[in-house]
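1. Compute the structure for the input listed below.
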Amino acid sequence: MKQLIAVAPRKAALLDMNTRAVEPHEVKVRIKYASPKHGSELAAFRNEGPHIHEYYDEEWHAFMPRKTQVEGQGNFGHWNLGNQWVGVIVETGSQVRGYAIGDQVCGYGGIREEHIVSAVDNYYLMKMPEGMPWQNAVCFDPAQFALGGIRDSHL
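-> Numbering: from 1, shown residues only. Coordinates of the predicted model:
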């Protein structure tokens with residue numbers, strides 16, 4: 001099994017991933033599609049971001065230029081890139097209800113060949129309606145973020 005890891009600024013590699021047994025409250029999902037986060041994750045991957053070159057000024061309520069640059073936040077060599085995925089359940093734990101082997105689901109996590117996630121009271125693991133395109137699922141997070149901004153702005 002492989003996963004996409006940020007090994008250095010602007011450099012990623014497919015590396016072996018550790019796997020483990022599924023616990024009673026979990027499901028194992030074989031990933032078919034995955035997507036990175038285009039904003040904050042991409043900035044961190046480039047070792048850039050608003051807090052490296054700028055700081056938030058409480059008085060002005062705006063980002064202002066820093067006099068000196070700070071180091072990036074990337075955890076290079078260990079950081080599994082990715083934000084959302086779509087896959088098929090291939091194994092379920094004994095306590096799992098409402099999910100079955102063969103269900104197409106989506107969730108949050110890195111770009112890798114499989115995920116083992118909690119399937120008990122986990123609202124981040126979503127069963128996809130039949131016929132729903134995978135592209136809609138991997139765009140759920142950015143769409144939710146954008147719609148939240150519209151809601152919060154009281155347009």
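
2. Low-confidence stretches in the chain?
-> 49-51, 69-75 (pLDDT under 70).

3. Check it for me, the residue farthest from its geometric middle.
-> Residue farthest from the centre of the chain, counting by Cα atoms, centre = their mean, is E59 at 33.3 Å.

4. what secondary structure does that residue sit in?
-> For E59, the assignment made with DSSP: H, G, I helix; E, B strand; the rest coil gives coil.

5. residues contacting the residue positioned nearest the centre of the chain?
-> The central residue of the chain, meaning the one whose C-alpha is nearest the mean C-alpha position (Cα atoms, centre = their mean), is N83 at 1.8 Å. The neighbours of N83, taking Cβ atoms under 8 Å, 6 or more residues apart in numbering as the test, are S35, P36, K37, E41, Y108, G109, D141. For glycine as for every other residue, the C-beta is placed from the backbone atoms N, C-alpha and C.

6. Dump these into TSV; add secondary structure as well.
-> Listed next are the contacts of N83 as TSV, based on three-state DSSP:
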residue	secondary structure
S35	strand
P36	coil
K37	coil
E41	helix
Y108	strand
G109	coil
D141	helix
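
7. wait, which of those is closest to V27?
-> G109 (12.7 Å; Cβ to Cβ).

8. For my notes, confirm L42 occurs in a helix.
-> Yes - the assignment for L42 by three-state DSSP puts it in a helix.

9. Chain neighbours aside, what residue packs nearest to it?
-> Of all residues beyond its chain neighbours, the one nearest L42 is P36 (6.6 Å), with distances taken as Cβ to Cβ, 6 or more residues apart in numbering.
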